[in-house]
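Colleague: quick one, structure for this:
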Amino acid sequence: MGKYNVLLLDADGTLFDYDKAERNALRDTLQLYGLEFSEKALRQYRQFNGELWKQLERGEATLSAVQTKRFAQLFEAMQYKCDPGEFNSLYIKQLEQHVFLLDDADLVCAELYKTSALYIVTNGIASVQRGRLARSGLLPYMNGLFISEEIGFSKPHRYFFDAVFAQIGADVPRGKILIVGDSLSADIAGGYAAGIDTCWYNPKRNSDKGSLRPTYEIGALIELLEIGG
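Modeller: Numbering: from 1, shown residues only. Okay, here's the model as predicted:
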């Protein structure tokens, strides 16, 4: 058994290259409508989507509202004539198809699986996350999957982590659980509040942690083998 009995692994931005998937899904959905994809459209979408997901993390918005409003804002900014709800449904289907693992994600999961129980902990849409995980080849290494849409609360909310701990079982000490993720506000803050060790995946080597102090910080997933393996 490794240093940690349980590893909670964020999905997007940690195991999956979400930026690439998002870009391709937006491009393909716009093309279905005969609309031009551009870097400007992508930047606008990411700005609106990012702000709305932060509201979701703070409990200020619902997931359904986020999905519709992000495209309503994009279409207004780009002067596109589309129904936001319909577009979102097609976008989600496209997003399920685009699966890109970050460097060494499969290798790291395969190695960690030998010594620890692995769980995905993700803020996201259930159909997208389950579909992409099934296509990724990582599913055999996972002991479980926790998705905010199914739980009813998003990271960093304590109820999200309560649901995780309830399934993992009370026999696993909090000191033997590590959460790994790229988001300070969702993964690191949530793990800290839940009383477990945290590992910030920070490939861009951002220096601004605010008041948070992750237990570990890594710039490449392969470094996780020295921590959790």
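
Colleague: and Thr198, what's its pLDDT?
Modeller: At Thr198, the pLDDT value in this model is 97.

Colleague: look up phi and psi at it.
Modeller: As for Thr198, its main-chain torsions (degrees, to the nearest 10) stand at phi -130, psi 150.

Colleague: my read: it touches Ala186, true?
Modeller: No. At 11.1 Å, Thr198 does not count as touching Ala186 under the criterion of CB atoms under 8 Å. Bear in mind the C-beta positions are built from the backbone N, C-alpha and C, glycine included.

Colleague: which one of those two is surrounded by more residues?
Modeller: Shown here are Thr198 and Ala186; by other CB atoms under 10 Å, Ala186 has more neighbours (26 against 23).

Colleague: what's the closest non-adjacent residue to that one?
Modeller: Once flanking residues are discounted, Ala186 sits nearest to Lys155: 4.1 Å by CB to CB, 6 or more residues apart in numbering.

Colleague: what does Tyr113 give?
Modeller: Counting by CB to CB, 6+ apart, Tyr141 is the residue found nearest to Tyr113 once chain neighbours are left out, at 4.2 Å.

Colleague: now do the contacts for that neighbour.
Modeller: Cys109, Ala110, Leu112, Tyr113, Leu118 (CB atoms under 8 Å, 6 or more residues apart in numbering).

Colleague: next one: it from Leu112, what distance?
Modeller: 8 Å (CB to CB, to the nearest Å).

Colleague: what sits in contact with each of the two?
Modeller: Shared contacts of Tyr141 and Leu112, defined by CB under 8 Å, 6+ apart, comprise Leu118.

Colleague: in the top helix by length along the chain, what counts as buried?
Modeller: Taking DSSP state H as the criterion, the chain has its longest helix at helix 39-57. By neighbour count on 16 or more other CB atoms under 10 Å, the buried set for helix 39-57 is Ala41, Leu42, Gln44, Tyr45, Arg46, Phe48, Asn49, Leu52, Trp53, Leu56, Glu57.
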